[in-house]
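Enquirer: give the three-dimensional model of this entry:
(one chain, ligands or ions: 1)
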Amino acid sequence: MDRKYFQICLLAIVFVGTIIVIIVCFEAKYGIREKVVESPFWQTSVVYQVYPRSFYDGQPDETGDITGITSKVDYLLELGVGAVWLSPVYTSPMKDFGYDVANFTEIDPIFGSMADFDDLVTTLHRKGLKLVMDFVPNHSSDQHEWFQRSVRCEDPYTDFYIWANSSGVDANGTQIPPNNWLSVFRGSAWEWNDERQQFYFHQFLPEQPDLNYRNHLVREEMKKVLTFWLKKGVDGFRIDAIKHLFEVEDLSQNEPVATHSGVQDPDDYDYLNHTYTVDQPETLTVVREWRQLLNQYPDRVMMVEVYNDDIDAVMKYYGNETVPLADFPFNFFLIDNLQSRGDLTGESLRYTIDLWLDNMPEGKWPNWVTGNHDNGRVASRLGRDLVDALNMLTLLLPGTPVTYYGEELGMENTFISWDETKDPEGCRWGPDLYQEHSRDPERTPMQWDNCTNAGFTTANSTWLPVNPNYKVLNVKAQTQAETSHLKIYKELAVLRRADTFSKGHIAFPVVTKEIFSFLRYLEGSEKYLLVINTSEEELEVNLHRHANLPLPSSAVVVLRSVTDTSEKTHPGSEVPLDKVPLVGGEGLLLNLQAED
Ligand code: GLC
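Expert: A predicted model of the protein is given here:
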C-alpha cells in the first residue's frame, strides 16, 4: 500500500476516534443521553380507571359504553391524566359485570362494536393518551365456548378448566366437593356439573370457572389473546386477580382454618388461610412469559392486581432487575391499611408509604392507589375533608398514581337498597349483610352536571342509581366554581410534571399523630413541602418544633384544600412555618424558597 495513503487513513481513524471520545465524555458530563432516553409513559402518566358501565352513556340505554368514553376524551385530556385503564368491555353475560368473559377478543354489544373500540384507541392516541386493557386470565365465563366444550369433554378443551371427581354423596344425596376450598365471593369454590359428572373449580362465581394454567394450550391461547390486543395498538394490560392463577396440583389438600382471623362463618373466604390457592410459584413463571411477550412491543405496561397483607408476597410480582415481571403490582396498602378515618394518622400514612418504598426491589417504580371498582369511595371511607389532601398525596409522591373515575370530584358512595343491588358479591351475602360487601356504591354513574341522571345518559334511567348529591357534586359545577376538588386535581396533574416531582427525592420532615408531611427536592429545582392535617380539628402547627431536618422560617402557599378559606393561606401568601394554620383534613402544598 502507498505510504501516503496509509498515513491519510491513520489520520482519519485518529480523527474519528477523537470525535467519538469527545462525544462520549460530553454525554457523561452533561447527561445528553439521559435526555434522549425517555421515561416509559406509565412512569410519567397518571393512570385513570374508567369503569365503562358508569362513565358516559353515548348510545343511551342506561349503561355507559365505548362511544361515551370517546366523547369524553377531551375531559380526560384537560384533567391531565396520561393513560386510561379500561375495565373489561369483552363479550360477557355480565354476571360479574364484565369480569366473566365469554370471548376474550370481542367487544360486548352493550359497550358497542370493535369499530367503536378502534375509534377510542385512535382518538386517545391522537390526543397523546394511552389505553390499558383489563386482562382477565384466571377464569372465563361459563358461557365461553371453551367451557361449554370442556363440559362435553371435547378435546383439546377437556382439561382447559380444573375438574375433579366428587368425594362422595352426603345423606341428602348431594355431591361432596373434593376439598374445603372457598370462593372469594363466599361458599364452596366447587360447583357440580351434572353433564360431566364432575366438580369444577371457581375462585369467584360459579359462572366464572377457573382456567387450568397447567395446560400449556391454555397458556398459548391466552398469549394469543394478549397478542391480539397488542396488535390492535393497546398500550398494555391491567391483569386481573393474578394471584389466583394456580392452585396446588394435589386437590386432596384442605386449606387450614385461619384461626387468628376471628371469622366464624365457614362460608366466608377469610375463614381459611389460602395456602394452596393463591400466590403459587408457577404464577410468576406465567407472568414472566407475558412480560417477554409484552417486551416485543415498545413501551407497554403490565400492572397486576394482587391483594395481600404480606408485602413480600406482593413485591414478588415486580420480579427483579435480571428477571423483570410486572411493571408494578398495584399498591393497595393505602386502601387496606386505611379502611376508615380512625386508621388514618400521620404515623399510619408514613408507615404505609414506607412499607412500599422500603420493600420495593431495587430499580423498581412505586404506585399509589386510593380507590377502585372494588372498594368504597375515598370521601365515604375516610372523609370528604380529606379528598384534596389524598389527591395531593398520590399525585405528588414519587411513582404512578392510579385514579378511579370520579375521585377527582370527591364522588361518594351511593346508598343502594337491597332491591336495587346488582353486584353479585353483595347479592351472595343476602339482605342483612349485603351493605358490608356490595361494590355497587362505588360504581354509580359519573356525575357530569346537574341535569337529570347527572348528565350521564339521556335514557330514562341508569343501570345503578345516580347519587342524589349529583345536583351539587358534578363536573360542571366544579369547573365553574372558583375552587373545587376538580380544579385542585388539574393543578396537581400539571405540577407533578415538574422535575422536582418526577425525578426528585423525598423526605418526611414532620410526622406526628395529626400531621403528615413530605418534602420533594432536587438540586437546581424548586423544593415543595406537602403538609396534611389528618385530624378533624383545626390546628396551628409549629413545623419547626417537630422537624427532623432544617426547614426555612416561612414558605409560599401553592395549593390548599377547598375546605380552607382563610386569608392567611391564600395561594401566593407567605406562611411562617412555626405557625401553619390547617383546617381538619387539609392538605397544604408549600413552596420552600431557598434562604440565604
Ligand atoms: C378482580 C376484579 C373484581 C372481580 C374479580 C373477579 O378482583 O377487580 O371486580 O370481581 O377480579 O374477576
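
Enquirer: please report the distance of E408 from the ligand.
Expert: E408 sits 20 Å away from the ligand, going by C-beta to the nearest ligand atom, to the nearest Å. C-beta: built from backbone N, CA, C; applies to glycine.

Enquirer: do you know the pLDDT at that residue?
Expert: Looking at E408, its pLDDT is 98.

Enquirer: got the phi/psi numbers for it?
Expert: phi -70, psi -20 (degrees, to the nearest 10).

Enquirer: hang on, isn't it packed against S484?
Expert: No: using C-beta atoms under 8 Å, E408 makes no contact with S484, being 9.6 Å away.

Enquirer: who has more neighbours out of these two?
Expert: Between E408 and S484, E408 has the larger neighbour count (other C-beta atoms under 10 Å), namely 28 against 20.

Enquirer: OK, contacts around the more buried one?
Expert: The contact partners of E408, by C-beta atoms under 8 Å, 6 or more residues apart in numbering, come to 79, 391, 485-486, 489-490.

Enquirer: from those, pick the one nearest K503.
Expert: Of all the contacts of E408, N391 has the smallest distance to K503: 21.0 Å, by C-beta to C-beta.

Enquirer: and the closest one, how many neighbours?
Expert: N391 - counted by other C-beta under 10 Å - has 26 other residues nearby.

Enquirer: nearest residue to the residue in the stretch 451-596 of the chain that the ligand sits nearest to in space, please, no chain neighbours.
Expert: Nearest residue of the stretch 451-596 of the chain to the ligand (C-beta to the nearest ligand atom) works out as L464 at 14.4 Å. In space, and not counting its chain neighbours, L464 is closest to T444: 4.8 Å by C-beta to C-beta, 6 or more residues apart in numbering.

Enquirer: circling back to that earlier point, which of the contacts of E408 has the largest number of neighbours?
Expert: Ranking these using other C-beta under 10 Å puts N391 first, with 26 neighbours.

Enquirer: from R238, how far out is it?
Expert: 21 Å (C-beta to C-beta, to the nearest Å).

Enquirer: over to S188?
Expert: In terms of C-beta to C-beta, S188 sits 29 Å off from R238.

Enquirer: what residue in the stretch 1-150 of the chain comes nearest to the ligand?
Expert: Closest point on the stretch 1-150 of the chain to the ligand, by C-beta to the nearest ligand atom, is Y99, at 3.4 Å.

Enquirer: same check, this time on the stretch 351-500 of the chain
Expert: D374 (4.8 Å).

Enquirer: for that residue, which three-state class applies?
Expert: Put simply, D374 is coil when judged by DSSP: H, G, I helix; E, B strand; the rest coil.

Enquirer: return the residues in contact with it.
Expert: So D374 contacts 439, 442 (C-beta under 8 Å, 6+ apart).

Enquirer: what residues does the stretch 301-450 of the chain put near the ligand?
Expert: Residues of the stretch 301-450 of the chain found near the ligand (C-beta under 6 Å from any ligand atom) are 305, 373-374.

Enquirer: and stretch 512-519, what's buried?
Expert: Buried residues in stretch 512-519, counted by 16 or more other C-beta atoms under 10 Å: 512, 514-519.

Enquirer: does R149 touch Y161 like I think?
Expert: No: contact status for R149 versus Y161: not in contact, 10.3 Å apart, counting by C-beta under 8 Å.

Enquirer: ok, those two, which is more surrounded?
Expert: When neighbours are counted by other C-beta under 10 Å, R149 and Y161 differ, and Y161 comes out ahead with 26 against 15.

Enquirer: quickly find the element holding F117.
Expert: helix 114-126 (DSSP states H and E).

Enquirer: likewise Y528?
Expert: Counting by DSSP H and E, Y528 is part of strand 527-533.

Enquirer: what does W290 give?
Expert: With secondary structure defined by DSSP H and E, W290 is part of helix 281-294.

Enquirer: which other helices and strands does that helix contact?
Expert: Applying 3 or more C-beta pairs under 8 Å, 6 or more residues apart in numbering; DSSP states H and E, one finds that helix 281-294 contacts helix 216-231, strand 236-239, strand 301-304.

Enquirer: next SSE after the last one?
Expert: Taking DSSP H and E as the definition, the helix or strand that follows strand 301-304 towards the C-terminus is helix 311-315.

Enquirer: residues in contact with that next one?
Expert: 243, 279, 306, 308, 329, 331, 333, 355-356, 359-361.

Enquirer: contacting residues around V169?
Expert: Counted by C-beta under 8 Å, 6+ apart, V169 has contacts 175-176.

Enquirer: what about it, distance to Q197?
Expert: 12 Å.

Enquirer: output the below-cut-off pLDDT ranges for the protein.
Expert: 1-3, 5-6, 8-10, 13-14, 16-36, 594-596 (pLDDT under 70).

Enquirer: just give me the residue closest to the centre of it.
Expert: For the chain, the residue nearest the mean C-alpha position is V402 (5.0 Å; C-alpha atoms, centre = their mean).

Enquirer: helices of the stretch 51-200 of the chain, residue ranges please.
Expert: 52-55, 66-71, 73-79, 114-126, 145-151 (DSSP state H, counting those that start in this stretch).

Enquirer: deepest in the core, which of these is it.
Expert: Of the helices of the stretch 51-200 of the chain, the one with the most neighbours on average (mean count of other C-beta atoms under 10 Å) is helix 52-55, at a mean of 26.

Enquirer: residues in contact with that one?
Expert: Contacts of helix 52-55 (C-beta under 8 Å, 6+ apart): 63-66, 68-69, 72, 86-89, 97-98, 111, 405, 443-446, 456, 463-464.

Enquirer: and if you look at stretch 249-257?
Expert: 162, 164, 178-182, 214, 271-277.

Enquirer: tell me the buried residues in the helix or strand following the strand holding Y528?
Expert: Next along the chain after strand 527-533, taking DSSP H and E as the criterion, comes strand 539-541. For strand 539-541, the neighbour count (16+ other C-beta under 10 Å) marks V541 as buried.
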